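Undergrad: Predicted coordinates and the sequence they were generated for:
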Amino acid sequence: MSKSKIGTVEAIMIILTIIVAHTILSLPKNILTSMKSASILNLIYVSIVVVALGYLIFRLLRNFPGLDIIDISELVGGKMFKNIIGTIFMVYFVISASMLLRNFSESLKVIYYPMTDIFFIVAFFIIPVCYVNKLDFNATSKTNLIVVPIVLFAIIVLFATNMKQFSTQKMFPILGEGASNTFVLGLSNISAFGGIVYLYFLPPLLKEPEKMKKITLISIGITSIYLILSVATLLFIFSFFITTNEITPLYNATRYIELGSFFQRLESIFLIIWILAFACYLSTISKFSVSVLKKITNIDTAKPLTDIFGLLILGLSLVPENYAISQSFENTIYPHLVIAVSYFLGIGILVIANLKRRKESKHEKIS
């Protein structure tokens with residue numbers, strides 16, 4: 001068994017790294033802004049839709065055991081098509097990581113380091129990520145296995161310890177601005193499940209590929225619960241988050257935690273946990289970017305190129321002139337990228353590949 005193979009739980013944690021990174025930033029607030037009091041209902045509805053899409057992805061991938069989306073792309077359209085699809089996924093990974101890193105770094109700057117140049121905060125993440133990326137893939141997956149459950153537990157603690165502050169009446173009217181906004185326009189919130197993109201790359205990495213269905217459904221289920229708890233916490237405490245531009249709204253919720261006289265002002269602990277989680281996200285997305293590059297270039301080892309990806313993410317994260325520009329990317333452009341790449345492009349390639357295989361099977365039977 002290859003040392004680079006990962007277990008079922010590790011695969012689930014990898015998928016969850018994206019949702020963790022986004023909820024740290026403005027994802028819950030964006031959902032509240034568009035759905036208002038219907039946010040929880042919308043997330044339940046969207047979760048059901050994503051479960052169906054995730055199951056579809058599993059069924060389509062099942063016909064190509066041991067292959068990822070890059071391998072399948074080559075079967076569909078040859079080496080040139082494979083290179084194009086690989087490049088699209090690489091660009092998607094790098095640009096997304098760069099903008100999210102800039103937003104998170106800006107949040108840290110506002111909260112703790114107002115006099116520090118943003119370059120040094122960004123570099124604080126990139127340097128260790130470049131080092132970790134030189135290690136085996138298991139180094140990243142094992143770290144996720146430790147950090148991500150802590151983050152998941154932290155959101156449960158955040159929800160439970162703030163319950164005395166809750167005003168559950170804020171979830172009414174339950175349809176918010178109407179059924180059309182909640183169930184039609186609100187369908188765009190499938191972009192919140194950005195971790196689904198990793199499903200396309202997991203089959204060759206799994207120790208037990210037969211558990212792909214389990215990985216898909218459990219990861220989507222945990223993502224749904226995590227999102228609902230995050231959004232519910234803000235909805236029941238801060239109605240003003242719907243119209244304001246607060247940075248990292250979940251951080252503000254941590255300031256309301258009081259566990260007796262000796263446990264107050266716990267926001268620093270949450271921030272440390274989120275910093276570790278964000279570093280895991282950057283490491284994971286860099287690993288997959290390097291893996292894609294290795295496949296489309298057919299090089300034996302991509303380790304010498306890990307620093308290049310780190311520097312590329314660093315450089316792109318410094319391109320926006322200010323926080324407003326990078327936040328605009330996260331709020332308006334990124335959701336469309338997720339839907340285009342993770343759903344339309346990925347599922348489209350799998351559907352074409354399955355149709356092509358079925359057609360070839362019919363020809364073989366006839367001959």
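TA: Thanks, I have the structure now.

Undergrad: residue boundaries of the helices in this protein?
TA: 8-24, 27-35, 39-62, 69-111, 118-132, 137-161, 179-183, 212-237, 249-254, 267-297, 306-317, 323-328, 334-338, 346-366 (DSSP state H).

Undergrad: ranking those by burial, who's on top?
TA: Ranked by average neighbour count under the criterion mean count of other Cβ atoms under 10 Å, those are headed by helix 8-24 at a mean of 25. In this view, the C-beta of every residue, glycine as well, is placed from N, C-alpha and C.

Undergrad: Same list, the helices of the chain, but as TSV with mean pLDDT and distance to Phe201 please.
TA: TSV is the format used below for those (pLDDT from 0 to 100; distance: least, Cβ to Cβ, whole Å):
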stretch	mean pLDDT	distance to Phe201
helix 8-24	90	9
helix 27-35	88	22
helix 39-62	96	10
helix 69-111	93	7
helix 118-132	88	18
helix 137-161	89	11
helix 179-183	94	31
helix 212-237	94	12
helix 249-254	81	28
helix 267-297	89	6
helix 306-317	88	16
helix 323-328	82	26
helix 334-338	93	15
helix 346-366	87	10
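
Undergrad: can I get these in TSV with distance to Phe172?
TA: Below are the helices of the chain laid out as TSV (distance: least, Cβ to Cβ, whole Å):
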stretch	distance to Phe172
helix 8-24	24
helix 27-35	13
helix 39-62	11
helix 69-111	31
helix 118-132	41
helix 137-161	19
helix 179-183	13
helix 212-237	11
helix 249-254	21
helix 267-297	29
helix 306-317	41
helix 323-328	30
helix 334-338	26
helix 346-366	36
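
Undergrad: Select, out of the ones you listed, the one closest to Thr168.
TA: Evaluated with Cβ to Cβ, those place helix 212-237 nearest to Thr168, the distance being 6.0 Å.

Undergrad: Against which helices or strands is the closest one packed?
TA: On a contact count with 3 or more Cβ pairs under 8 Å, 6 or more residues apart in numbering; DSSP states H and E, helix 212-237 meets helix 8-24, helix 27-35, helix 39-62, helix 137-161, helix 249-254.

Undergrad: now the angle from it to helix 8-24?
TA: Orientation note: helix 212-237 sits at an angle of 30 degrees relative to helix 8-24 (axes from the mean of the first three to the mean of the last three Cα atoms, to 10 degrees).

Undergrad: tilt between helix 212-237 and helix 39-62?
TA: On the basis of the same axes, to 10 degrees, helix 212-237 is oriented at 170 degrees to helix 39-62.
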